[in-house]
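S.K.: Fold the stuff below for me.
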Amino acid sequence: MGSISAIGNSVTENRMALMQGKCGIGPLEMFVTKYAGLLPFGEIKITDSLLREKLQAHEPGLTRTTLLALHACEEAIKDAALTATQLNSFDTALAGASTVGGMCLTDELYHDANKTEDGSAYLSSYDCASVNLYLQKRYGINGVVNTINTACSSSANSILYGARLIKSGLAERAIVGGTDSLAKFTINGFNALHILSPGKCAPFDEQRNGLNLGEGAAFLVLEKEEAAAGKKIYAELTGYCNTNDAYHASSLSEEGDGPYLSMKGALAVAGISPADISFINAHGTGTENNDLSESRAMLRLFGKVPAFASTKANTGHTLGAAGAIEAVYSILNLVNQEVYASLNFKQPIEATRLQPVQAYTKMPLQHIMSNSFGFGGNCASLIFSAPNKTTVKNKE
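M.R.: Residues are numbered from 1 along each chain as shown. All right, here's what the predicted structure looks like:
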């Protein structure tokens, strides 16, 4: 696994920040926008130049989106001990996700288009697939490469897609994840929808008034059991499902039909019952519509809702990267038998009365569900389970 967000530059740093209840949301210090002094964001406090130097990525036209992806991908590949031969193999797939891509440099592209005759270095970066095309070239990946953009469920769907590639025999392993950087495109767009909170977001709180945009990236390496022999296995991806309620361009249905069906479908794939879920990493954006819809869906499916929380109050909503970042967090829950506090919660939603976990807690965990719901009603749910000890022992 590899991850970078507003609360940490590695998986270990992210975990320590979550344990401490650290919030990475605050004033912008590096990104230039008229909203810098008006709204809080989950900004990663590393400049592009430092990222380039650290990653030895000096190719012209690279965007911050790609640099964040490379940072997380490097950590994941090293953690998985993948060799150059394995990366170059036709059995290794890459499934990445992003909603912003090169649009974070729209202004630079526009400037170049009006000032130069030879085109712009950012033109090729503007392509939706530019991030994965760079990673493919950087690592010499020859297997299936795909880019997924389903709004805020994007990287959860990239994980689902990678698992299906392996199960269908099209790959032995898949590098899966997502990345998004702060951009005027998304800041202006979400502001136009009137769903950006003027303060720090409060998921599942009665007084919630919007989300905070963030940036980040996370990648995970999925491997077929035989390919993972002898390696440290964090977890098994046992369940996954994608649904679409097609209710509204930017809202979930009031009863949470999409979330309900995606969670129910993931349970079916995993072959477990609702009572088997130990903890839910909720989508929990802090918006009026999402939190109420997700709450109703959880009540509808589980009856007695298991412990749940949202980590978006730590990192901000990282859009296309959220599903992968929160998949890493869900696996950290499982590996360390711990859950992290849902920050800023004070009062439950009157209609549902559900209360997220409000303090760092050690507890027994076997199956973790992670939810990611996107615009257009695109909903994805993943289930991570503790590795079968007998299987792991045989591999060792």
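
S.K.: going forward, measure contacts and count neighbours with C-alpha atoms only.
M.R.: OK.

S.K.: can you map out the helices along the chain?
M.R.: Along the chain, counting by DSSP state H, helices occupy 11-19, 48-55, 64-79, 84-88, 106-115, 130-139, 154-167, 184-192, 257-270, 288-302, 312-315, 322-336, 389-395.

S.K.: which other residues reach the third one?
M.R.: Under the contact criterion C-alpha atoms under 8 Å, 6 or more residues apart in numbering, helix 64-79 has outside partners 1-4, 10, 48, 51-52, 55, 57, 100-102, 104, 130-131, 134-135, 178-181, 216-221.

S.K.: Buried residues of that helix, list them for me.
M.R.: 64-77 (16 or more other C-alpha atoms under 10 Å).

S.K.: any idea how far A266 lies from H367?
M.R.: Separation of A266 from H367 (C-alpha to C-alpha, to the nearest Å): 12 Å.

S.K.: got it, and L109?
M.R.: 45 Å.

S.K.: With G210 instead?
M.R.: Using C-alpha to C-alpha, we find G210 at a distance of 30 Å from H367.

S.K.: what about P306, neighbour count?
M.R.: Neighbour count for P306, taken as other C-alpha atoms under 10 Å: 17.

S.K.: do K362 as well
M.R.: Using other C-alpha under 10 Å, K362 has 12 other residues around it.

S.K.: Name the nearest residue to it, sequence neighbours excluded.
M.R.: Using C-alpha to C-alpha, 6 or more residues apart in numbering and skipping residues adjacent in sequence, the residue nearest K362 is E338, 4.3 Å away.

S.K.: From E294, how far off is that neighbour?
M.R.: E338 is 23 Å from E294, by C-alpha to C-alpha.

S.K.: So for those two, which sits in the more crowded spot?
M.R.: More neighbours surround E294 than the other of E338 and E294, with 27 against 17 (other C-alpha under 10 Å).

S.K.: residues contacting the closest residue to that one other than its chain neighbours?
M.R.: Take E294 and drop its neighbours on the chain: the residue closest to it by C-alpha to C-alpha, 6+ apart is G256, 5.8 Å away. If you count contacts by C-alpha under 8 Å, 6+ apart, G256 has them with S293, E294, R296, A297.

S.K.: next one: phi and psi at G256?
M.R.: Dihedral pair for G256: phi 70, psi 40, per degrees, to the nearest 10.

S.K.: my guess is S310 contacts G284, does it?
M.R.: Yes: if you go by C-alpha atoms under 8 Å, S310 and G284 touch, sitting 5.1 Å apart.

S.K.: Now the common contact residues for these two.
M.R.: Common neighbours of S310 and G284 (C-alpha under 8 Å, 6+ apart) are P203.

S.K.: tell me the mean pLDDT over stretch 284-302?
M.R.: Average pLDDT, stretch 284-302: 96.

S.K.: Pick out the most distant pair among the buried residues of helix 64-79.
M.R.: Within the buried residues of helix 64-79, R64 and I77 form the most distant pair, 19.8 Å apart (C-alpha to C-alpha).

S.K.: ends of stretch 85-92, how far apart?
M.R.: The stretch stretch 85-92 measures 10 Å between its terminal residues, going by C-alpha to C-alpha.

S.K.: Tell me where the model's unsure across the stretch 251-396 of the chain.
M.R.: Counting by pLDDT under 70, the stretch 251-396 of the chain shows low-confidence ranges at 389-396.

S.K.: can you rerun that using 50?
M.R.: 390-396 (pLDDT under 50).

S.K.: thinking again about what came up before, more neighbours, L109 and H367?
M.R.: The residue with more neighbours, out of L109 and H367, is H367; 26 against 21, by other C-alpha under 10 Å.

S.K.: Let me know whether the more buried one touches S278 as I believe.
M.R.: Yes: taking C-alpha under 8 Å as the definition, H367 is a contact partner of S278 at 5.5 Å.

S.K.: what's near enough to touch the closest residue to S273 other than its chain neighbours?
M.R.: Spatial nearest neighbour of S273, chain neighbours left out: L267 (6.3 Å); criterion: C-alpha to C-alpha, 6+ apart. The contact partners of L267, taken as C-alpha under 8 Å, 6+ apart, are G239, Y240, S273, P274, I383.

S.K.: and the fourth one, how many residues sit next to it?
M.R.: When you say that, I think you mean P274. For P274, the neighbour count with other C-alpha under 10 Å is 17.

S.K.: Distance across stretch 103-121, terminal residue to terminal residue?
M.R.: So stretch 103-121: terminal residues 13 Å apart, C-alpha to C-alpha.

S.K.: which outside residues touch it?
M.R.: With C-alpha under 8 Å, 6+ apart, stretch 103-121 has contacts from 60-61, 63-65, 122-123, 126, 181-185.
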